[in-house]
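J.: here's my sequence, what's the structure:
(one chain, ligands or ions: 1)
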Amino acid sequence: MKLIVAVDEKWGIGKNGDLLLSIPDDMLYYRATTRGKVVVMGYTTLLSLPGSKPAPGRLNLVLADIEGLRIPGAVVSGSMEQLIRLIGCFAPDDVFDVGGGSMYRQLMPYCSGAHITKMRFDGAADTFIPNLDREPGWSVKSESEQKEHEGVYYSFTEYSNNAPKEIPAAKNLSSSMTSYFRKREPIEPTLPADADDAYRKKLDAMLDAYYHPLKDGFSAEDVERYFEEGGDLSFEQYLKNIGAIAAREDIEALLAAK
Ligand SMILES: NC(=O)c1ccc[n+]([C@@H]2O[C@H](COP(=O)([O-])OP(=O)(O)OC[C@H]3O[C@@H](n4cnc5c(N)ncnc54)[C@H](OP(=O)(O)O)[C@@H]3O)[C@@H](O)[C@H]2O)c1
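T.: As a prediction, the model looks like this:
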């Protein structure tokens, strides 16, 4: 698992439940990095998304301490223990911690890396994450050149953690849509930098078709039922079997129709 976040010069990430600044280039970077993957977030962050709805084209896992909560399009987890077990159902490279503050702090020890967008300004934040330059085990892997948006300089920095805490892996891992697409030609999971609008729309439509059927939502109690009754089925296969996400044949049909 990796985390992805935009920080100001004090490692502030949010204020009044919202982002400090929205940089279009950073939003594109975020979307390209997490497209087709599993995104893990706290309930407050879900509520801050457009329409308070799960991000399309991604499998959304939401941690919320509310019994019986169902969020259309998302899987709810009721405790950190359950969430960690659920994260272990996916290949580590397919999972992103997308915030907010409480999720970054709790899951940081389990992350093998971090995509940090560093914004050179003070956003007077009320929510912060630990400064990775001072965290033992964390070091900078790469840093982009500086860019500028409306007077604010920013860069994309990648950190790696040399000793992440292990998350026990499930017997059968779920493949993300990304790895599914990777096997196909000519569909590429990661959007090429020069992708045109038509290409982008096609990729998004396929990802939506895959995850959208999770329309009734999947509660923490449903997750528990999977752990109890799912046997050796991967979480993805279980969701398909109960009709919560699209079956591969439906995607094939959609692709054939395009
Ligand atoms: N800059 C960025 O890239 C970025 C990205 C994402 C979010 N943000 C910002 O971060 C801020 C939100 O962060 P936040 O820390 O306030 O909220 P958060 O992490 O998004 O979500 C907190 C929610 O998760 C639940 N939760 C957390 N740990 C739990 C646990 N162990 N067990 C059960 N439930 C748990 C909390 O329930 P309880 O209340 O019951 O504890 C609460 O409902 C916003 O300002 C947002 O805009 C910034």
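
J.: need the contact list for G123.
T.: D8, G12, K15, L20, L21 (CB atoms under 8 Å, 6 or more residues apart in numbering). Quick note: C-beta positions are derived from backbone N, CA and C, even for glycine.

J.: shaky segments in the stretch 51-200 of the chain?
T.: By pLDDT under 70, the low-scoring segments of the stretch 51-200 of the chain are 176-195, 199-200.

J.: what does it put close to the ligand?
T.: For the stretch 51-200 of the chain, the contact set with the ligand under CB under 6 Å from any ligand atom comprises 63-65, 79-80, 98-103, 106, 127.

J.: would you mind checking these for buried ones?
T.: With burial judged by 16 or more other CB atoms under 10 Å, the buried subset of those is L63, A64, V98, G99, G100, G101, S102, M103, T127.

J.: can you pull out the helices in the stretch 151-258 of the chain?
T.: 177-182, 197-211, 220-229, 235-241, 248-257 (DSSP state H, counting those that start in this stretch).

J.: P109 should be in a strand, yeah?
T.: No. If the criterion is DSSP: H, G, I helix; E, B strand; the rest coil, then P109 is helix and not within a strand.

J.: could we number from 23 for the rest of this?
T.: With 23 as the first residue, the last one maps to P131.

J.: pull up the gap between it and I189, please.
T.: Between P131 and I189 the computed distance is 10 Å (CB to CB, to the nearest Å).

J.: more crowded one of the two?
T.: I189 (19 against 12; other CB atoms under 10 Å).

J.: ok, now which ones touch M130?
T.: Contacts for M130 were tallied using CB under 8 Å, 6+ apart; they are L25, D119, A136, I151, P152, E157.

J.: what's the closest of those residues to L71?
T.: Taking CB to CB as the measure, L71 lies nearest D119 of these, at 15.1 Å.

J.: residues contacting the most centrally placed residue in the chain?
T.: The centroid of the chain falls nearest to V61 when counting by CA atoms, centre = their mean (2.0 Å). V61 sits next to A77, R80, L81, N82, L83, V117, F118, V120 when contact means CB under 8 Å, 6+ apart.

J.: fine by me, thanks again.
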